[in-house]
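Visitor: Need a 3D model of the following:
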Amino acid sequence: MLQNRTTQNSISDGEIEFQQKILSGVARTFALTTPQLPRQLQALFGNAYLLCRINDTIEDDPGLSVEQKDDFARRFVAIVSGENDESFASELYNLLSESMLDSEKELIAQTSRVVNIKRQFSLEQQTILERCVSIMSKGMVEFQRNATVEGLADLSVYNRYCYSVAGIVGETLTELMCDYSDEIREKREVLLPLGMSFGLGLQMVNILKDTWEDRARGVCWLPRDVFLESSVDLRDLDAGDNQTKKGFATGMSQLIALTNWHLLNAQHYIQLIPSRETGYRRYCLWAAGMAIATLRKINAQPDFCSGQQVKISRSTVRTIIVLTSVFSRFDGILNIIFNFLRRDLPSTVPEDGLSSVAKLSQYQDLD
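Guide: Model (predicted):
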């Protein structure tokens, strides 16, 4: 008989509550979804997110130079892998700019405690987490060094960036679920590329939504080649005149179609998870549903000038949470819900399909 394995016998309730408190400050949506997981996965998934969020904090702080980000990212990878670096947290904390949230600063201050919790998991789980942190850190450093308002060189680089910051997270959570459940492990080869695609879709929604906020910070994560096909140079864009640039809307439509395909893969991924695993299904359904709803708003308003203009309402969030929670076990009804959510969205399938997604992971392992 297939069994689910216990993953956190040694993690105390206090440590789980500590992580949940930190999560509520740095990621309210994630803090909302984590309690949906089986108790034995809450500490594991919460720890995975916090480790990734420390990486994000290093990357996002506008007050840190590229050299400083490179140094702290490398040191953090070493810490997660077992090295002692007692000055890491205090040095980074003192350098964080005023623009960073107090909750983000608190997370950095608590780095040692977060890493110590990670060290209480099984060796296999720790290896999975260490690989995630390493790939994410390496990718962030690489892309931060070359970040400009000109955008990324082409669609292949765009895909690599999205994998480094989010596709690897989908891959990691899938590996953790395979470690947790023998039944899920049997579907590993099918689930892994779908899980990576899920992560890519979530990140692509964020990139599209945050286009103008990122640009105000002097960076652009859009692929240049997609827009050059419509005679649009990303260097010349500003939020005030994008309404007159039909080519920009055309390029955005192509990226929306690609993102929609990834989120369709997310739907397939969720439905491959055994229906009795309602906690993990809800954990994924909420994220996928809100991403699709946001993508619809972006598609409906291509001349948006701010992420706030395409932010979904609280009532939409509540509706998605209620419907997907009630029907989390019923794939037929979930199909109806998701088909309704993605109505009118353009869609496309990359030439290599899911094999192109799998190659992103292979590229990192060979690098």
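Visitor: Report the contact partners of residue 280.
Guide: Counting by C-beta atoms under 8 Å, 6 or more residues apart in numbering, residue 280 makes contact with 36-38, 41, 177, 273. Bear in mind the C-beta positions are built from the backbone N, C-alpha and C, glycine included.
Visitor: residues contacting residue 142?
Guide: Each residue near residue 142 by C-beta under 8 Å, 6+ apart is listed here: residue 164.
Visitor: what mean pLDDT would you report for the longest helix seen in the chain?
Guide: Ranked by residue count and defined by DSSP state H, the top helix of the chain is helix 246-272. Summarised as a single mean, pLDDT over helix 246-272 is 94.
Visitor: Mind giving me the packing neighbours of it?
Guide: The helices and strands touching helix 246-272, judged by 3 or more C-beta pairs under 8 Å, 6 or more residues apart in numbering; DSSP states H and E, are helix 188-209, helix 224-228, helix 278-300, helix 331-341.
Visitor: ok, residue 187 touching residue 274?
Guide: No. Between residue 187 and residue 274 there is no contact, the gap being 9.2 Å when judged by C-beta atoms under 8 Å.
Visitor: Is the residue nearest the centre of the chain in a helix, a strand, or coil?
Guide: By C-alpha atoms, centre = their mean, the mean C-alpha position of the chain lies nearest to residue 166, the distance being 3.7 Å. Counting by DSSP: H, G, I helix; E, B strand; the rest coil, the backbone at residue 166 sits in helix.
Visitor: wouldn't it be in contact with residue 203 here?
Guide: Yes. With the criterion set as C-beta under 8 Å, residue 166 and residue 203 qualify as a contacting pair; they are 3.4 Å apart.
Visitor: hang on, the earlier thing: residue 187 and residue 274: which has the busier surroundings?
Guide: Remark: of residue 187 and residue 274, residue 187 carries more neighbours, 18 against 15, as counted by other C-beta atoms under 10 Å.
Visitor: for that one, what are its contacts?
Guide: With C-beta under 8 Å, 6+ apart as the criterion, the residues that contact residue 187 are residue 272.
Visitor: Offset the numbering so it begins at 37, please.
Guide: Right, with 37 as the first residue, what we last looked at is residue 223.
Visitor: Would you mind measuring from it to residue 309?
Guide: With distances taken as C-beta to C-beta, to the nearest Å, residue 223 is found 9 Å from residue 309.
Visitor: same thing with residue 290?
Guide: Noted for residue 290: a distance of 30 Å to residue 309, by C-beta to C-beta.
Visitor: Same question for residue 302.
Guide: Residue 302 sits 11 Å away from residue 309 when distances are taken as C-beta to C-beta.
Visitor: anything in contact with each of the two?
Guide: Looking at what touches both residue 302 and residue 309 (by C-beta under 8 Å, 6+ apart), the common residues are residue 320.
Visitor: Between the two ends of stretch 217-226, what distance do you get?
Guide: Between the start and the finish of stretch 217-226 there is a gap of 15 Å, counting by C-alpha to C-alpha, to the nearest Å.
Visitor: what comes up buried for it?
Guide: Of the residues in stretch 217-226, those with enough neighbours to count as buried (16 or more other C-beta atoms under 10 Å) are 217, 219-220, 223.
Visitor: how far out from the middle of the chain is it?
Guide: Taking C-alpha atoms, centre = their mean, to the nearest Å, the mean C-alpha location of stretch 217-226 is offset from the chain mean by 22 Å.
Visitor: for stretch 127-146, same thing?
Guide: Taking C-alpha atoms, centre = their mean, the mean C-alpha location of stretch 127-146 is offset from the chain mean by 21 Å.
Visitor: May I have that stretch as CSV, with CA atoms only?
Guide: Extracted in CSV, the C-alpha atoms of stretch 127-146 (Å, rounded to 0.1, in the frame of the first residue of the first chain):
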residue,chain,number,x,y,z
GLU,A,127,26.1,42.9,8.0
LEU,A,128,23.2,42.5,5.5
TYR,A,129,20.7,43.9,8.0
ASN,A,130,22.8,47.1,8.6
LEU,A,131,23.0,47.6,4.8
LEU,A,132,19.4,47.2,3.9
SER,A,133,17.8,50.4,2.6
GLU,A,134,14.9,52.3,4.1
SER,A,135,12.7,51.2,1.2
MET,A,136,12.7,47.6,2.5
LEU,A,137,9.8,46.5,4.7
ASP,A,138,10.4,46.0,8.4
SER,A,139,9.2,42.4,7.9
GLU,A,140,11.9,41.8,5.3
LYS,A,141,14.5,43.2,7.7
GLU,A,142,13.2,41.0,10.4
LEU,A,143,13.5,38.0,8.1
ILE,A,144,17.2,38.8,7.5
ALA,A,145,17.8,39.2,11.2
GLN,A,146,16.3,35.7,11.7
